[in-house]
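Q: Here's my sequence, what's the structure:
(chains A and B)
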Amino acid sequence: MSTKTPERDATADRPGFRLGQTEVVAVVLLVILLSQRWLLPLLDHDLFNTWGTIFVAIVVQSAPFLLGGVLLSAVISTFLSERALSRIVPKSPALGVPVAGLAGIGLPGCECAAVPVTNSLIRRGVAPAVALTFLLAAPAVNPAVLVSTAVAFPGQPMMVLARFLASLITAVAVGWIMLARGKLLLERLTNLGRDEHAHERSFLGNVSHDFLHASGFLVLGAMLAAAVNTFVPRSVVNTVAGQAVLGIATLALFAFIVALCSESDAFVAASFTAFSDTAKLVFLVVGPAMDIKLASMEAGQFGMGFALRFVPLVIITAVASAVGVGWWLL
Amino acid sequence: MVAAVTRTTQALVVGFLGAVLLRLSLGEGYLRYVTSWMKWPLVATGVVLLGLTVWMLLRPVPEADGDEHDHDAHDHKVPVMTWLAIVPGVIVFVASPPSLGAYLAERRADDPVAAAPDAKILPLPASDGPVDVEVAEFMWRAGVEDGSTIKDRDVRLTGFVSTDENGNWYVTRIAIACCAADATASRVRVEDYDDAPQRDSWVAVTGRWVEGTAPGGKSETAIEASSVEPREAPANTYQ
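A: Take a look at the predicted model:
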């Protein structure tokens, strides 16, 4: 009997193999739980505590939305036939892109829910450009987000309209760009071809598979976002508020690295009082479309090569769209 | 090298996360991290994850590696990153991160606070004794109409104690809109009361607004304290 975890574990969980990885993990977890009393004082530090609170908060807040997204995606993978789906989604992808953008209004969840749903749509034969348009639109244009924006910006209804339009334009523009020149991008969707078993698995099989695939990457993104939130003082951001271009670039970058939920980012945006309204709009449009947590989950679901191209494409499109709409409406 | 996650361990990872969410949401622990309306979604998520764990443990184990008939067998190819899913639970149990407090409030103290509500500011209710006012409300009342709605009124502010490098202390509240990641702090300097209570302890400060102090003004919003009483920290420390 060996305590060393063999490489074969990836393919075997044989009866008779007693002290394996599972037992080691279980013992480690048990030791951690029992030693809580002694570990606690060692870790009692303001900086670590603040990071820990924000990190756990992001994970706790996201978990129900992630599970909801995974359940919906398992319904799509297991029960929705390709024929049924093709009746809902327009045949021409060029038309499908704007339809997918508007369909985003109907999924009032945060961005974590949208990633597994998008994955299952692609597995079910929806054109990747169409599914990814849905991914970008869903967290940004749903009613919950628009209402919270209206609450955060009292007396500024144009901000709500501008956010809706700029986010929708971003999603549709990225979808069309991928249709027109997306060969390079879509060839990188490496992880999707591998999962040809999705429709053969049971409903619960799909739920557990998708949840396990997404949760680790969500946690990684949350760790990074919490670190930025804790260690980068907001006053650093405020120093560039006066400059138009630098202000926009700073808030776009900040939206990417703090990775706030799209339901609450409007309240943070409203507190950037020194920035122009256009810069705040950039913050609100970039955040739901792309942030460090989403980038991490997308790298996990769709492959690193794809994420490296998709992430900058989305950010640049979102900034351009927000600046254009902001210049027109605000 | 980190080993891939086996089938039974996968169940353990999911079950652990579910148990952590359930433990947080059935007590008051979740209020340190998210708003109160998240309680039932979190309970439901915990229950579903635990149910999923049972199913993952009970489902048939493939008889041989080459068995192509059991398609659920393909589940076991999950990324190494899945290991990270146990980190939040470990941190909750080991470090049990507390509500955000003075440390964050002191770092965020110079952030501009969101503007006062647009609606007409109502006067404080008539009362013989001091009127309870939220810290953030006190601040925006100080900034509107030269503070006329709080001028010469006895008010009571409840919050925790934070300090600054000049030896001042403040009655402080943190507001969250969604989760602790979007926290904003508001605080009012307490004057004429030299023995600062312990940092992060909860107090009720009774006193009057110091005229001319307001957010963004020459001098930060302040209260001239007539009494300071210790208070129990509320279950939900956020606004």
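Q: is it fair to say B:Ser162 lies in a strand?
A: Yes: read with DSSP: H, G, I helix; E, B strand; the rest coil, B:Ser162 is one of the residues of a strand.
Q: Next one: it from chain A, what distance?
A: Taking CB to the nearest CB, to the nearest Å as the measure, B:Ser162 and chain A are separated by 12 Å. In short, each C-beta sits where N, CA and C put it, glycine included.
Q: Count the residues that sit near the nearest residue to that residue once chain neighbours are set aside.
A: Leaving out its chain neighbours, the residue that sits closest to B:Ser162 by CB to CB, 6 or more residues apart in numbering or on different chains is B:Ala102, at 3.9 Å. Per other CB atoms under 10 Å in any protein chain shown, the neighbour tally for B:Ala102 reads 22.
Q: Just give the nearest non-adjacent residue to B:Leu122, would you?
A: B:Thr149 (7.7 Å).
Q: Count the neighbours of that neighbour for me.
A: If you count neighbours by other CB under 10 Å, B:Thr149 ends up with 18.
Q: Sketch out the low-pLDDT regions of the stretch 1-150 of chain A for me.
A: Regions of the stretch 1-150 of chain A meeting the criterion pLDDT under 70 cover residues A:1-21, A:33, A:35-44, A:108-110.
Q: Helices of that one, start to end?
A: Remark: helices of the stretch 1-150 of chain A, listed N- to C-terminal, are A:21-34, A:36-42, A:46-79, A:82-88, A:93-103, A:111-123, A:128-141, A:143-152; assignment by DSSP state H, counting those that start in this stretch.
Q: Which one, of these, ends up nearest to B:Met38?
A: helix A:46-79 (6.8 Å; CB to CB).
Q: what sits against the closest residue to chain B within the stretch 101-250 of chain A?
A: At 3.5 Å from chain B, A:Gly216 is the closest residue in the stretch 101-250 of chain A, using CB to the nearest CB. A:Gly216 is in contact with A:300, B:79-85, counting by CB atoms under 8 Å, 6 or more residues apart in numbering or on different chains.
Q: again, 10 Å this time
A: A:Gly216 sits next to A:296-297, A:300, B:5, B:13, B:78-87 when contact means CB atoms under 10 Å, 6 or more residues apart in numbering or on different chains.
Q: ok, the nearest residue to it once chain neighbours are set aside to A:His213 distance?
A: Excluding the flanking residues, the one nearest A:Gly216 by CB to CB, 6+ apart is B:Met81, at 3.5 Å. The spacing between B:Met81 and A:His213, counted by CB to CB, to the nearest Å, is 9 Å.
Q: From A:Glu263, how far out is A:Phe275?
A: Counting by CB to CB, the gap from A:Phe275 to A:Glu263 is 21 Å.
Q: actually A:Leu85, not the one I typed
A: Where A:Glu263 is concerned, A:Leu85 sits at a distance of 28 Å (CB to CB).
Q: More neighbours: which of those two?
A: Taking A:Leu85 and A:Glu263 together and counting by other CB under 10 Å, A:Glu263 has the greater number of neighbours (24 against 14).
Q: Need the pLDDT of that one.
A: If you check A:Glu263, the pLDDT there is 78.
Q: In a helix, it, correct?
A: No: with three-state DSSP as the criterion, A:Glu263 is coil rather than part of a helix.
Q: which non-adjacent residue is nearest B:Tyr103?
A: Counting by CB to CB, 6+ apart, A:Asp46 is the residue found nearest to B:Tyr103 once chain neighbours are left out, at 4.0 Å.
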